[in-house]
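Engineer: what shape does this take:
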Amino acid sequence: MKTLQALKSRFFLLFVLFSLPVPDALAMEGGIRNFEVRENLIKNDKLAIIALDTLGNPQESINGTFQFKINGFKQELQFRDGVGITPHAIESSTFVFIKHQNQSGSQGKLYYVMKSSKGINPMYINWYYLILIPLAIILLGYLFKRLIVVAILLLVGLFLFNYSKGLNLESLFDTIVHGIRGMVGY
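Structural biologist: Numbering: from 1, shown residues only. Below you'll find the predicted structure:
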């Protein structure tokens, strides 16, 4: 009985050790582990992708060409001092799903890029909003039977708005999958 308990504790210890995140010093050198999107500094309606480390600090040592998928289209972005500029300008407000994959895994993020006369403003959308907002509408419709028609109309309106601004089901599910992977640490 004691050996079974000792074996269980060893497996638990191994599980805990292998599930801890790898510090940057031990992680693979060179590569983009995380990124964020901002407006390009010269205000030409292009997006700037900034390479970050796992703590969210800019990695100015990143230089070279890296493969990204922007709304499903492969783009090779040239990074200098940790910043890569997308080749195409944003014409109107839209959803942009940006994904980068390297040897250590993939990172995908969904942004709503709002275009105004002042320029563009990329806003990061957390994956759980994509689940919580429709669930809240469904729950309200379920709790208040008189609002079921309003809830259905809100869901249809939300879907049509998202679709008209470039958010398709593939990007939606990909955002949710990347969010869950990031939460689990995979």
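
Engineer: which residues of the protein fall in helices?
Structural biologist: 2-19, 127-143, 148-164, 169-184 (DSSP state H).

Engineer: export those helices to JSON lines and tack on mean neighbour count?
Structural biologist: Every C-beta, even on glycine, is put in place using the N, C-alpha and C of the backbone. Listed next are these as JSON lines, based on neighbours: other CB atoms under 10 Å:
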{"stretch": "helix 2-19", "mean neighbour count": "9"}
{"stretch": "helix 127-143", "mean neighbour count": "14"}
{"stretch": "helix 148-164", "mean neighbour count": "13"}
{"stretch": "helix 169-184", "mean neighbour count": "15"}
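
Engineer: of these, which is nearest residue 42?
Structural biologist: Closest to residue 42 of those is helix 169-184 (CB to CB; 27.6 Å).

Engineer: for this structure, what helix or strand is lowest in average pLDDT?
Structural biologist: helix 2-19 (a mean of 51; mean pLDDT, DSSP states H and E).

Engineer: and the nearest residue to residue 176 once chain neighbours are set aside, how far from residue 67?
Structural biologist: In this structure, residue 176 finds its nearest non-sequential neighbour in residue 127, 5.0 Å apart by CB to CB, 6 or more residues apart in numbering. According to CB to CB, to the nearest Å, residue 127 stands 22 Å off from residue 67.

Engineer: equivalent analysis for residue 157, please.
Structural biologist: Shown here: residue 157 relative to residue 67, a distance of 36 Å by CB to CB.

Engineer: for residue 134, see how far away residue 96 is.
Structural biologist: In terms of CB to CB, residue 96 sits 21 Å off from residue 134.

Engineer: export stretch 101-109 to PDB, keeping only CA atoms.
Structural biologist: Listed in PDB are the C-alpha atoms of stretch 101-109, where the atom choice follows Å, rounded to 0.1, in the frame of the first residue of the first chain:
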ATOM      1  CA  GLN A 101       3.500  29.200 -35.700                       C
ATOM      2  CA  ASN A 102       7.000  28.200 -34.800                       C
ATOM      3  CA  GLN A 103       8.700  25.100 -33.300                       C
ATOM      4  CA  SER A 104       7.400  25.900 -29.800                       C
ATOM      5  CA  GLY A 105       3.700  26.100 -30.800                       C
ATOM      6  CA  SER A 106       1.300  28.600 -32.300                       C
ATOM      7  CA  GLN A 107       0.000  31.900 -31.100                       C
ATOM      8  CA  GLY A 108      -3.200  33.300 -32.500                       C
ATOM      9  CA  LYS A 109      -5.000  36.600 -31.500                       C
END
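
Engineer: contacting residues around it?
Structural biologist: Here stretch 101-109 makes contact (CB atoms under 8 Å, 6 or more residues apart in numbering) with 27-28, 31-37, 66-67, 69, 97-100, 124, 174-175, 177-178, 181, 186.

Engineer: and the residue nearest to the spatial centre of the chain, what's its pLDDT?
Structural biologist: Centroid check for the chain by CA atoms, centre = their mean gives residue 109 as the closest residue, at 1.8 Å. For residue 109, the pLDDT comes out at 91.
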